[in-house]
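Novice: Predicted model, plus sequence, below.
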Amino acid sequence: MEEFIHSKFNYWIYVLLMMIGLWGMIAKNNLIKKLIGMSIFQTAIILFYVSIAVKEKEANIPILPHHGHDYSPLAAAAHAGHGDGDGGHKDDNGHNASPEGHGDHGDHGHAGAHDPKVPVPNEFANPLPHVLMLTAIVVGVATLGLALAISQKIFKHYGTLEEDELLKKVRADDYV
Amino acid sequence: MKVFTGIIVGCIGMLLLYGVNDTGDFPAWGDPDSPANGSEISQYYITQTIVDTEVPNMVTAVLADYRGYDTMFETVVIFVAGIAIFSVVRMMEDSGWHAPEFLRKPDLVPKHTVRLLVPVIQIFALYVLVHGHSSPGGGFQGGVIMGASYILIALVWDLETALKRFPEKMAITTAGVGILIYAGFGFAPVLMGEEFLNYGILHHVLPGVDTPQMARYYGMFGVEIGVMMTVSSVMFLIYALLASRGLMKKGL
Amino acid sequence: MSEHSPVLLMVCPVFAAVFCVLFGMRNKAVCLPLVLLGLGGSLYFAVDVFYQVQASSSKAISYYLAGWNGTDFPRGVGIEYRVDLLNSLVLMLIPAVGLLAALFSREFVPRETPGKEPQYYTLFLLLLTGLMGMTVTGDAFNLYVLLEVSSLTGYALIAMGSPRAAVSAFQYVILGTIGATFYLLGVGYLYIKTGSLNMSGIHHAIVAHGLMESPAIYVAFILIFAGIWVKLAFFPVFNWLPNAYSQAPTSTGCVVAPLMTKVSVYIMVRVMITLFGADYVYGSLDWSGPIVWVSVIAILSGSVLAFAQKDLRRMLTYLIVAEVGYMVGGAWLLVPGGMARGELLSQTATGMVGTTYHIISDAAMTLCLFMAAGAMIRKAGSSRISSMYGLFSKSPVTMVCFVVGALSMIGVPPTCGFFSKWYLVSGAFAAGRWEFAIALLISSLMNAVLFFRVIEHAFFMNPDDKGEENIAPAFSENPSSMLVPLVLAAASLFAIGLFNKEIAGYLEQFLFYAQFGSYG
């Protein structure tokens, strides 16, 4: 049981959040509280997707370090052309050229030609869920903005944001 | 009603967790060999991004190149949000109903702090945009920061001051132009015979670019500029519309 | 250019929409021509795509966006557009309906949403773009993005009307978001088990890795289906549909009512046939029984609730609920054990041809009826059925089109409604589901009574007039910008009916290639 919760804890967390959000969306009376529930609901999905992109032990963010200089074929070809003309690798933002991963990557050889290194997949987190979630976050923001605008319009005309009072007023209008 | 909903929600939660057990079906936390993490597609993104596109940030490359079409429609979603909120709340004349306003001249400390901060924020926004290729960032993030700088002006002074600097018509126009830039970068390859959004072929047209990889690099940068324009203008437009209840005169 | 048609049909309305808002803000007159141009371009490219699909060997074409094609790169690295016979028919339908609705809207938009015409038409174009994008895509996540584009534009187009419409739109926002988010979650579950987002790639992975028994895939199917269920307004979550569609501005109703639920039905068929595969849906899952029963309830409840309505448009929206019941039930009709015996898919899923034919015919019927209702309401001044007296004399052309639409809903040959009921009922008999066939027939009878009630009001002069001279109301027909699309829509009901053999032939071919077509 302990093991079970530990190894799959990300699923428990996201399901809990999602159900809280879903309950809020349906059960709460105030329109704004429904929207807060909607926001929690969508955030739980984002959490779920990002949690499956994780790789334990050694994985870093999905960005090649040092501007990808050691991995890029074009840079390697340029170095081959220059020979060892350019001395030390001085990165503009000043961080020193430390080894960027575990395992043997050789030195940052800029003497003569060097083949571009191939990124090892286990060292980088899976980029695809992050990309999908950038889109999902944006969609969530757009929906929330539009829903807030609609609630403003409702408040302007009906003077209330409580669903039960609203339904009473709307039904009164309907049977005029 | 609340209890009934609670029961239904509990059942849905149990359904979602069906099959999540120790040995089961669902990949464990952080498993590098799970079907998602170990799949051919994911490995391709990690190993080949730098070869195909010369961009170190794999997320930006997937966002703007491999799955750039999704991002175009994501930008359209933001644009739609701006136009939709405009159409729902915008009122041309005041119906006379509004809550009492509290307008006073801005206080000394916020005024001077923000005067110093806003240019820095905007430059940072441009930095985030341009460095989206090598560090976390990109068009969306830069756009939000840029939009936030105008919202900050609206909060510290008032909405009219911010609107003088970023009028409503200009915001809508900028949003539209952002989408045109993105779609234009997509359509140009079609005119040259390649598929939509295939920036590689643009190395024939873009000045100073000689390889398909660098054409993809700069193509991605171009679409990110379009995205930033749309996002920043729509963020500010949404704030202005909601804060002024559609009147675009006085804000919070 | 023609090889890029799948994407050009999407790009045309996007450009038109942006130009509409940029130039429309300066000069309102430029909006409607831009809309017609954008939709006309889409229709042209959609027809081109249809011919390309016909000409191809496996009756399907693939278009890889940004050049990441399936041969040089692993499949699924980029986004793929995959058009086969089912898509291409629906793809031609969407811009056609949009064009007719746009023409029809010329009278209504300045009256119902004054001062915001450019924004209205922009949202209109983007709604159609979203619907077309959902139809043409072969990537599960791309479908979600375009689903949200069409949903957001739909919410806004409905909320732009009266404040009552804003309340309905809010309810629609909440339910629509639940639906779309469940879909996204389902795609996430599929992704964690298969590692791909490409529809064919997911199917291939499910089959190759033997994932049919997997609980995650089962839950993924439930989630995706639940999400689509909400968007379909299938019983019991249908309450948002009558509120939203009847309160919406007239021209919005004319475009969302025919299209949104039908494209959701298309997505359901696509998920069943392409994403999970007929073997899984008809073989492993045992849902056919319950779902057909729920659809029977949906059909009957939609028809019965329509009786209780005094408002014409609200009555029509309850009929949409019943029509959705036809389509979902038809898709799930199943000859038990057919897949295991290796029979043809069209012999096993006997209602599928009926459902897919009904997507097309119901879209046309609903368009015709909503446009006619909009015209009638404009003439009568109120949307209550009891106020629609004398309309036959005032606006005969409108009423004739309404009658044609009504006949199609009832199921009178040679309109398309008859043929779609024919396919569905024969599918029900072949699958041994008598309750579905009976429900269809009962619903036809109830539709007959409902529509004759309206037609009776419209045909006779003022019935409460006692003693006054019975003067026929003056002939004052609706303007031609409303009549032309209405007549075209009514004519299309006959055309779709007369061509039913060809269309059904295409759909059977679609099922054949879905079953035996190769991956790649």
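Specialist: Noted; the coordinates are in hand.

Novice: Look at residue C:69 and say how many residues are nearby.
Specialist: The burial count assigned to residue C:69 is 17, neighbours taken as other Cβ atoms under 10 Å in any protein chain shown. Quick note: C-beta positions are derived from backbone N, CA and C, even for glycine.

Novice: looking at this, it is in a strand?
Specialist: No. Counting by DSSP: H, G, I helix; E, B strand; the rest coil, residue C:69 is located in no strand; its state is coil.

Novice: for it, what are its contacts?
Specialist: Neighbouring residues of residue C:69 by Cβ atoms under 8 Å, 6 or more residues apart in numbering or on different chains: residue C:78.

Novice: Roughly how far does it sit from chain A?
Specialist: Residue C:69 sits 19 Å away from chain A when distances are taken as Cβ to the nearest Cβ, to the nearest Å.

Novice: how near is that residue to residue B:190?
Specialist: 15 Å (Cβ to Cβ, to the nearest Å).

Novice: and if you look at residue A:24?
Specialist: From residue A:24 across to residue B:190, the span is 45 Å (Cβ to Cβ).

Novice: Then residue C:381?
Specialist: Distance of residue C:381 to residue B:190, given as Cβ to Cβ: 50 Å.

Novice: what about the two, which has more around it?
Specialist: Legend: neighbour count by other Cβ under 10 Å for residue C:381 and residue B:190, higher for residue B:190 (19 against 9).

Novice: Which helix or which strand is home to the residue most central in space within chain C?
Specialist: Nearest to the mean C-alpha position of chain C, by Cα atoms, centre = their mean, lies residue C:262 at 2.0 Å. Assigned by DSSP states H and E, residue C:262 belongs to helix C:250-270.

Novice: Can you list the buried residues in that helix?
Specialist: Buried residues in helix C:250-270, defined by neighbour count with 16 or more other Cβ atoms under 10 Å in any protein chain shown: C:250-270.

Novice: residue contacts, residue 48?
Specialist: The chain I'm using is chain A. Going by Cβ under 8 Å, 6+ apart, residue A:48 touches A:10, A:11, A:14, A:18, C:185, C:188.

Novice: you looked at the wrong chain, it should be chain B
Specialist: Residue B:48 neighbours (Cβ under 8 Å, 6+ apart): none.

Novice: what's the pLDDT at residue B:38?
Specialist: As summarised for this prediction, residue B:38 has a pLDDT of 83.

Novice: For burial, what's the neighbour tally of it?
Specialist: The tally of other residues near residue B:38 (other Cβ under 10 Å) stands at 17.

Novice: swap in residue C:29?
Specialist: Using other Cβ under 10 Å, residue C:29 has 9 neighbouring residues.

Novice: how deep is the closest residue to chain C within chain A tucked in, by neighbour count?
Specialist: Residue nearest to chain C within chain A: residue A:157 (3.6 Å; Cβ to the nearest Cβ). For residue A:157, the neighbour count with other Cβ under 10 Å is 16.

Novice: Help me confirm that residue A:64 comes into contact with residue A:119.
Specialist: Yes. Residue A:64 lies in contact with residue A:119 (Cβ atoms under 8 Å); the separation is 6.2 Å.

Novice: list the residues that contact both of those two?
Specialist: Taking Cβ under 8 Å, 6+ apart as the criterion, residue A:64 and residue A:119 both touch A:71, B:50.

Novice: so where's the chain uncertain?
Specialist: Assuming you mean chain A. Where chain A drops to pLDDT under 70, the residues are A:1-7, A:83-114, A:174-176.

Novice: please go with chain C instead
Specialist: Across chain C, residues meeting the criterion (pLDDT under 70) sit at C:1, C:461-475, C:517-520.

Novice: Need the single longest helix in it, by residues.
Specialist: Determined from DSSP state H, the single longest helix within chain C is helix C:163-194.

Novice: What is the helix or strand just after it packed up against?
Specialist: Later in the chain than helix C:163-194, the nearest helix or strand by DSSP H and E is helix C:199-208. In terms of contacts (3 or more Cβ pairs under 8 Å, 6 or more residues apart in numbering or on different chains; DSSP states H and E), helix C:199-208 is packed against strand C:80-84, helix C:163-194.

Novice: residue ranges for the strands of chain A, please.
Specialist: Assigned strands in chain A: none (criterion: DSSP state E).

Novice: For residue C:450, see how far away residue C:308 is.
Specialist: Taken as Cβ to Cβ, the span from residue C:308 to residue C:450 is 11 Å.

Novice: For those two, work out which one has more neighbours and name it.
Specialist: Neighbours were counted for residue C:308 and for residue C:450 using other Cβ under 10 Å; residue C:450 has more, 22 against 9.

Novice: before we move on, the earlier item: got a list of what the residue of chain A closest to chain C touches?
Specialist: Residue A:157 neighbours (Cβ under 8 Å, 6+ apart): C:163, C:166.

Novice: May I ask you to confirm that residue C:7 is in contact with residue C:64?
Specialist: No. The criterion here is Cβ under 8 Å, and residue C:7 misses it with residue C:64 at 10.1 Å.

Novice: who touches both of the two?
Specialist: Residues touching both residue C:7 and residue C:64 by Cβ under 8 Å, 6+ apart: B:195, C:81.

Novice: Now do the buried residues in stretch C:442-461.
Specialist: Of the residues in stretch C:442-461, C:443, C:444, C:446, C:447, C:448, C:450, C:451, C:454, C:455, C:457, C:458, C:459 count as buried by neighbour count, 16+ other Cβ under 10 Å.

Novice: Skipping adjacent residues, who's closest to residue B:188 in space?
Specialist: Using Cβ to Cβ, 6 or more residues apart in numbering or on different chains and skipping residues adjacent in sequence, the residue nearest residue B:188 is residue B:202, 6.3 Å away.

Novice: Could you do residue A:161 as well?
Specialist: Distances taken as Cβ to Cβ, 6+ apart place residue A:31 nearest to residue A:161, at 4.6 Å, with adjacent residues excluded.

Novice: What residues does chain A have near chain C?
Specialist: A:18, A:22, A:25-26, A:31, A:34, A:38, A:41-42, A:45, A:48-49, A:52, A:128-129, A:132, A:135-136, A:139, A:142-143, A:146-147, A:149-151, A:153-154, A:156-158, A:166, A:170, A:173-174 (Cβ under 8 Å from any Cβ of the partner chain).

Novice: What are the phi and psi values at residue C:390?
Specialist: In terms of degrees, to the nearest 10, the main-chain angles of residue C:390 are phi 70, psi 10.

Novice: what's the burial count for it?
Specialist: Neighbours around residue C:390, by other Cβ under 10 Å: 22.

Novice: Same check on residue B:170?
Specialist: Other residues lying near residue B:170 total 13 when counted by other Cβ under 10 Å.

Novice: again, but for residue A:26
Specialist: The tally of other residues near residue A:26 (other Cβ under 10 Å) stands at 19.
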